[in-house]
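**Q** this is a predicted model, with the sequence first.
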Protein chains: 2
Amino acid sequence: MSGEVLDRFRPLFQPRSVAVVGATENVFKLGFHALAAVTAAGFEGEVYPVNPNAGESIQGLKAYRSIRDLPRGVDLFVYAIPERLVVPAVRESVEMGGRAGVIFAGGFRETGPEGRRLQEELVSIAEAGGMKLIGPNCIGVVNKHARLNATFASPLAWFPEGNVSVVSQSGGMGNSILNELMDEQVGISKFISIGNRANVEFADMVEYLAEDPHTDVICLFIEGLDDGAAFLEKARAASRKKPVLVYSRGYTASSSRTALSHTGSVASSEEVYRGAFRQAGLLQVHSSSEMAATCKAVSMGGMPSGDGVFISTHSAGPVVAICDICERGGLSFPPLAPETARAMESFLPEHAVAANPLDMFAFAWTDTSLYLKAADLALGQEDIHCAVAVFVTGGGAGPTFPSREYAEIGRRHGKPVFLCLITPCALAHEIAEAQSHGVIALSSPEKAAQVLVNLRRLSTLRSGGG
Amino acid sequence: MSGEVLDRFRPLFQPRSVAVVGATENVFKLGFHALAAVTAAGFEGEVYPVNPNAGESIQGLKAYRSIRDLPRGVDLFVYAIPERLVVPAVRESVEMGGRAGVIFAGGFRETGPEGRRLQEELVSIAEAGGMKLIGPNCIGVVNKHARLNATFASPLAWFPEGNVSVVSQSGGMGNSILNELMDEQVGISKFISIGNRANVEFADMVEYLAEDPHTDVICLFIEGLDDGAAFLEKARAASRKKPVLVYSRGYTASSSRTALSHTGSVASSEEVYRGAFRQAGLLQVHSSSEMAATCKAVSMGGMPSGDGVFISTHSAGPVVAICDICERGGLSFPPLAPETARAMESFLPEHAVAANPLDMFAFAWTDTSLYLKAADLALGQEDIHCAVAVFVTGGGAGPTFPSREYAEIGRRHGKPVFLCLITPCALAHEIAEAQSHGVIALSSPEKAAQVLVNLRRLSTLRSGGG
């Protein structure tokens, strides 16, 4: 069963060969960018540029004048051609044994009855030939583990490899989520912009990713669903295996008007969606940035086993913000047990009170070992399930947070450790360093707090709660 | 009147000389970092390290054994010493003609009755001697225009120079706001971490910044106010002159406990604060990131003269998210007038509908001149007050958004132009490029939308609405 869905989509995600129909040397055409994207990503299979007006080669590769000139059995066809040429091209590809296709062009069901008819024709040709189509009206597919960038955007190949997969109706919104993941230094596995969903739906992709051994977290951006029941069934099954995060938009008059003229779907009432997603065990987030930060914690295995948080800091203000958000999100800051407090008092600086949250003032900024001693003691307490350290970066000119030792303490206690490292993008390498040791590092107090709240929500969802 | 407050704080913000009391070569002490911060920022006045245990020099500067050994009339004293030494040091400084001081140490009123008494003593000495004290329990003051970094954090000098000033009770939270401003590529003028507020209150800083010719936008992070009435009076006056943004926290049990043991204040009921801030004309935001993005638009002069927004895109998904947020925030997307629509139809790609929001599909990604033509026509319409273009970065390998020409169109129509350039931090130079031309560029759809909503709220506030 599980092997079946992986086989079904192997030609799409792990093709042995890719044909780019409409490939060209004209930089103002998508076909230029589509071929460049495939080759720049370092794809190791065969690549065939197809264009009736081609000379001997396109971008240095042997060119083909027509699909019929290609060797039989090319796995994946990328169609970078106008919509009126798509139906005949897909028909020829099916006849030549093609198994999967990506269609960039718009002009299908999002444009009205004629477009809808065209899309139906497309689907019946593909279905008859056993071909899976991504799009039309999409930016395509990326599979980092196969060095496959079947989109028209070369930069999509830059995203580091990892265990998070993203499915988005909208290419632009999918890109926004990828960017935020990159900013959080989270690697991706698959990216799928599914557009008009000719014969590949959210339900299919969720079923596939639930089985995909390279995917540990599934992220979805949804503007509307055609077959909500089928999706919810697959999503419920997937969320029992892996965390599934969903970000959904299109609930106001102007936004649903845009969604309609876009991929031909419209989100219905927000409450209905939210309730159904919750029942299917999906964690709902409210921005691409929130999705990426939460995703990072989940993908790093940062799920605490309970609601008790220990916070330590050298600056109280950020902790005030974190507490506001966490307390409203149902988390707690268990008081320190008398013996924990006594042990802490032996090393705390003057005026610091052994409490949770723990403020060690600027002393802890210059002597960062205080964080380690405090976390080690607090995590020994049964009702404390994770630790959060708040630290303002010294930016190379000042002290550095001892991430390696902090991560070790977390591992020894079997509890996740978080670092709110208050730092600008320009110092993102400090976040990378902390994460390389296993510390879940977030760059702002609000983000850190929201992640903790979301992990709690996810844990409640996965344990069958509301 | 206006000159008076500038004069009063000149020794603090534009000192001719700075003494660092407690300066040392021991990198584990704040006194090391404090002296390094002053010198690394390129301060051009005299710098005097003071330490009773010093040899001939500290960090290459002539050392002084005591405050009494200093030349008379040093403007600013930075106290990097334990709290028990602070009162005598301030007394000596006043006797030597000191006019301003920054005190890092905690251990004052945030610790209870004894600390409160100590702080009162401090205040009476300073007041008698005409000395203004920032702190205790703070990280100090930065004035980019004077190359002054009177904190213990060298990285604070890296923030680019600009027209935004930040006042924060908490040093850490202030730093978080500065980081977000840096990420948004917004320059700062002054940064003040006011801590326990010995004899310099929020009210004083707001009064000062309202008159400061280098400050165009004032940002505040507030955990609690001692004299709310005085603050609100000064804030109301300031908000008539310049936009004032406020981010306030400390409204839950755990967060207010932290705030209390921190700078000795506690925020009272959230509703009371929110109502009072609104009445004083302050724009309230809910995260440091929202503050920075809004601040950027305001500091770049991006206030539209009405609620009508024109949006154009090559990808509908991000626009769906933007519409959701903007429509709920009271903005509108006026339909295109028949003549505008007709003119647009002459150049729009096949299937694109001349409407607002305007989706030009991937055609506009390869031919970016479509954005310019569309914005030029739409901004000619009276009920459209600003334009937003949504563009996914080509990342150097793909197309580039034509920011210079887009900014010119905005200037010709006298209306602000925004760019939602969907881009990771790693490509921040593309944001910088757009902004250098006068385009207000935001890196995600949610951020762009929230900024538009906040500009509308600010405009309502400043015109006396609620």
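**A** Good, I have the coordinates.

**Q** and the stretch 201-350 of chain A, which of its residues are near chain B?
**A** Selection of the stretch 201-350 of chain A residues close to chain B by Cβ under 8 Å from any Cβ of the partner chain yields A:221, A:223, A:249-259, A:261-263, A:286-289, A:313-324, A:326-328, A:333, A:350. Placement of C-beta: from N, CA and C, glycine included.

**Q** surely A:F231 touches A:E201?
**A** Yes. A:F231 lies in contact with A:E201 (Cβ atoms under 8 Å); the separation is 7.0 Å.

**Q** who's more crowded, the two?
**A** A:F231 (23 against 17; other Cβ atoms under 10 Å in any protein chain shown).

**Q** what about the closest residue to the more buried one other than its chain neighbours, how many residues close to it?
**A** Of all residues beyond its chain neighbours, the one nearest A:F231 is A:A203 (4.6 Å), with distances taken as Cβ to Cβ, 6 or more residues apart in numbering or on different chains. Using other Cβ under 10 Å, A:A203 has 21 neighbouring residues.

**Q** who touches A:A203 in this structure?
**A** A:D227, A:A230, A:F231, A:E233, A:K234, A:A235 (Cβ atoms under 8 Å, 6 or more residues apart in numbering or on different chains).

**Q** that one is in what secondary structure piece?
**A** A:A203 belongs to helix A:202-211 when elements are defined using DSSP states H and E.

**Q** thinking again about what came up before, which of the residues of the stretch 201-350 of chain A next to chain B fall within helices?
**A** A:253-259, A:261-263, A:288-289, A:316-324, A:326-328 (DSSP state H).

**Q** picking up where we left off before, roughly how far apart are the residue nearest to A:F231 and chain B?
**A** 19 Å (Cβ to the nearest Cβ, to the nearest Å).

**Q** now do the helices in the stretch 151-300 of chain A.
**A** In the stretch 151-300 of chain A, the helices defined using DSSP state H, counting those that start in this stretch lie at A:171-183, A:202-211, A:228-241, A:253-263, A:270-279, A:288-299.

**Q** highest mean neighbour count out of these?
**A** helix A:171-183 (a mean of 28; mean count of other Cβ atoms under 10 Å in any protein chain shown).

**Q** residue ranges with poor pLDDT in the stretch 1-150 of chain A?
**A** Within the stretch 1-150 of chain A, the segments meeting pLDDT under 70 span A:1-2.

**Q** for it, what lies in contact range of chain B?
**A** A:27-30, A:33, A:36, A:40, A:82-83, A:104, A:106-107, A:111, A:115, A:137, A:139.

**Q** give me that answer again for 10 Å
**A** A:26-33, A:36-37, A:40, A:80, A:82-84, A:104-108, A:110-112, A:115, A:137-139 (Cβ under 10 Å from any Cβ of the partner chain).

**Q** tell me the pLDDT of A:S255.
**A** Note for A:S255: predicted pLDDT of 74.

**Q** just give the nearest non-adjacent residue to it, would you?
**A** Using Cβ to Cβ, 6+ apart, the nearest residue to A:S255 is B:C323, at 3.5 Å.

**Q** now do the contacts for the nearest residue to A:F108 once chain neighbours are set aside.
**A** Excluding its sequence neighbours, the residue lying closest to A:F108 (Cβ to Cβ, 6+ apart) is A:Q119, at 4.1 Å. Going by Cβ atoms under 10 Å, 6 or more residues apart in numbering or on different chains, A:Q119 touches A:83, A:86-87, A:103, A:107-111, A:133, A:135-137, A:196-199, A:264.

**Q** mind listing which of those residues are in strands?
**A** Taking DSSP state E, the ones among those that sit in strands are A:I103, A:L133.

**Q** count of neighbours near the residue lying closest to A:I67 once chain neighbours are set aside?
**A** Distances taken as Cβ to Cβ, 6+ apart put A:E92 closest to A:I67, at 4.2 Å, once the chain neighbours are dropped. Using other Cβ under 10 Å, A:E92 has 18 neighbouring residues.

**Q** could you do A:E161 as well?
**A** A:E161 has 12 nearby residues by other Cβ under 10 Å.

**Q** tell me how many other residues surround the closest residue to it other than its chain neighbours.
**A** Once flanking residues are discounted, A:E161 sits nearest to A:K144: 4.2 Å by Cβ to Cβ, 6+ apart. Residues near A:K144, counting by other Cβ under 10 Å, number 21.

**Q** for A:K144, give its distance to B:A150.
**A** From A:K144 across to B:A150, the span is 48 Å (Cβ to Cβ, to the nearest Å).

**Q** dihedrals phi and psi, the most far-flung residue of chain A relative to its centre?
**A** Centroid-distance maximum for chain A: A:E350 at 45.1 Å, with Cα atoms, centre = their mean. When read as degrees, to the nearest 10, the backbone of A:E350 gives phi -50, psi 140.

**Q** who's in contact with it?
**A** A:F361, A:F363, B:P82, B:E83, B:R84, B:A105, B:G106, B:G107, B:T111.

**Q** isn't the last one right up against A:P349?
**A** No. Between B:T111 and A:P349 no contact is recorded; they are 11.8 Å apart, counting by Cβ atoms under 10 Å.

**Q** neighbours of A:I311, how many?
**A** The burial count for A:I311: 28, using other Cβ under 10 Å.

**Q** in a helix, it, correct?
**A** No. Assigned with DSSP: H, G, I helix; E, B strand; the rest coil, A:I311 falls outside any helix and is strand.

**Q** not counting its neighbours along the chain, what's nearest it?
**A** Once flanking residues are discounted, A:I311 sits nearest to A:P357: 4.1 Å by Cβ to Cβ, 6+ apart.

**Q** swap in A:R8?
**A** Nearest residue to A:R8, sequence neighbours excluded (Cβ to Cβ, 6+ apart): A:K132, at 7.2 Å.

**Q** what's the answer for A:P416, then?
**A** Sequence neighbours aside, A:G302 is the residue nearest to A:P416 in space, at 4.1 Å (criterion: Cβ to Cβ, 6+ apart).

**Q** quick one: residues contacting that neighbour.
**A** A:G302 neighbours (Cβ under 10 Å, 6+ apart): A:294, A:296, A:386, A:410, A:415-418, A:438-440, A:451-452, A:455.

**Q** the closest residue to A:Y273 other than its chain neighbours pairs with what?
**A** Setting aside the residues directly before and after it, A:Y273 is nearest to A:S248 in space (Cβ to Cβ, 6+ apart), at 5.8 Å. Beta bridges link A:S248 to A:I222, judged by DSSP bridges.

**Q** just checking, A:S248 touches A:I222?
**A** Yes. Checked against Cβ under 10 Å, the pair A:S248 and A:I222 is within contact range at 4.7 Å.

**Q** for the two, list the residues in contact with both.
**A** Shared contacts of A:S248 and A:I222, defined by Cβ under 10 Å, 6+ apart, comprise A:Q169, A:A267, A:Y273, A:F277, A:L282.

**Q** so what pLDDT did the first one get?
**A** Note on A:Q169: pLDDT of 89.

**Q** roughly how far apart are it and chain B?
**A** 6 Å.

**Q** so that residue sits against B:V320, correct?
**A** Yes. With contact defined as Cβ under 10 Å, A:Q169 and B:V320 form a contacting pair (9.0 Å).
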